[in-house]
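Asker: sequence and predicted structure are below.
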Amino acid sequence: MCVTYTGREAMSAPSGFRHIAGALDRKAQENLCLEIAEVLRSAPLYTPTMPRSGKPFSVRMTNCGPLGWVSDKSGYRYQQAQPVSGNPWPPMPEQLLGLWQEFTGFAAPPEACLVNWYGPKAKLGLHVDADEAETQAPVLSLSLGDDAWFRIGGLQRRDPTERILLKSGDIVVLGGEARLAYHGIDRIQPGTSDLLAEHGRFNLTLRRVNVAN
Ligand code: MD6
Ligand code: FE
């Protein structure tokens with residue numbers, strides 16, 4: 001495992017941004033894929049829509065854990081029910097709880113794991129993860145499948161950004177000052193990984209939502 005800080009990354013990304021390249025070996029990635037396949041059986045991917053405009057996201061989503069992040073015409077929020085079926089989200093795989101402990105050290109467990117699926121043309125605009133009451137907890141994400149260009153900026157949308165290639169098995173942590181930094185996915189590089197049966201990429205984002213007591 002190695003932390004890929006180039007001088008440039010260390011200089012411009014806010015402190016608390018960590019990119020842990022190769023955090024999961026191939027076997028751990030394969031195990032996690034099986035867990036995700038299980039999650040998808042009870043919570044299939046769906047296409048969320050943007051607040052107000054109702055425009056569809058190019059990324060397809062689902063969640064596991066007690067809470068799920070959803071977006072529709074009325075806004076962004078966390079909820080216990082799946083928007084399509086009304087069923088609760090499936091449980092969070094144990095492996096994810098272990099990674100949360102290992103890489104964030106945050107005492108309370110994550111309550112939501114957002115599962116994003118990117119097809120060849122999908123992207124995710126520059127955004128801040130700001131729908132959580134608990135802002136002391138870092139946000140941890142894990143990539144599986146094709147490479148993706150991740151963009152990280154500062155606390156203002158206009159701040160300079162830089163891009164980093166995320167590979168299958170990489171972890172990103174946004175903590176400290178970087179917790180509320182702008183970030184997004186420019187595009188994926190279809191066909192760069194043979195982990196998933198089809199081309200594409202999963203990103204799992206683990207978040208503590210409610211303030212732990
Ligand atoms: C993605 N990631 O990698 C999108 N958010 O597909 C995120 O939006 C993200 O990687 C918070 C923390 C880490 C992340
Ligand atoms: Fe995010």
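Answerer: Right, received. Where do you want to start? Nothing here was measured: the structure is a model prediction, and the numbers come from that model. Ligands and ions are numbered 1, 2, ... in the order given.

Asker: where along the chain do the helices fall?
Answerer: Secondary structure of the chain (DSSP state H): helices located at 7-12, 26-42, 94-104.

Asker: if you count neighbours, what's buried in the longest one?
Answerer: Of the residues in helix 26-42, those buried under the neighbour-count criterion (16 or more other C-beta atoms under 10 Å) are 29, 32, 33, 35, 36, 39, 40. No exception for glycine: its C-beta is placed from N, CA and C like everyone else's.

Asker: so what's the residue lying closest to the last one once chain neighbours are set aside up against?
Answerer: Across the structure, with C-beta to C-beta, 6 or more residues apart in numbering as the measure, the residue nearest residue 40 apart from its sequence neighbours is residue 62 (6.6 Å). Residues counted as contacts of residue 62 (C-beta atoms under 8 Å, 6 or more residues apart in numbering) are 39, 40, 43, 44, 45, 46, 68, 82, 89, 115.

Asker: what subset of the residues you listed is buried?
Answerer: 39, 40, 43, 45, 68, 82, 89, 115.

Asker: circling back to that earlier point, out of the contacts of residue 62, who's nearest ligand 1?
Answerer: Within the contacts of residue 62, proximity to ligand 1 (C-beta to the nearest ligand atom) peaks at residue 115, which comes in at 10.2 Å.

Asker: measure the residue nearest to the closest one when sequence neighbours are not counted to ligand 1 for me?
Answerer: Once its chain neighbours are removed from consideration, residue 115 has its nearest residue in residue 62; the separation is 4.8 Å (C-beta to C-beta, 6+ apart). Using C-beta to the nearest ligand atom, to the nearest Å, one obtains 14 Å as the distance from residue 62 to ligand 1.

Asker: hmm, back to that, as JSON lines, the buried residues of helix 26-42 with pLDDT and distance to ligand 1 would be great.
Answerer: Rendered in JSON lines, the data for the buried residues of helix 26-42 read as follows (pLDDT from 0 to 100; distance: C-beta to the nearest ligand atom, whole Å):
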{"residue": "29", "pLDDT": "98", "distance to ligand 1": "15"}
{"residue": "32", "pLDDT": "98", "distance to ligand 1": "15"}
{"residue": "33", "pLDDT": "97", "distance to ligand 1": "16"}
{"residue": "35", "pLDDT": "98", "distance to ligand 1": "18"}
{"residue": "36", "pLDDT": "97", "distance to ligand 1": "14"}
{"residue": "39", "pLDDT": "98", "distance to ligand 1": "16"}
{"residue": "40", "pLDDT": "98", "distance to ligand 1": "17"}
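
Asker: out of these, who's nearest residue 98?
Answerer: residue 32 (10.9 Å; C-beta to C-beta).
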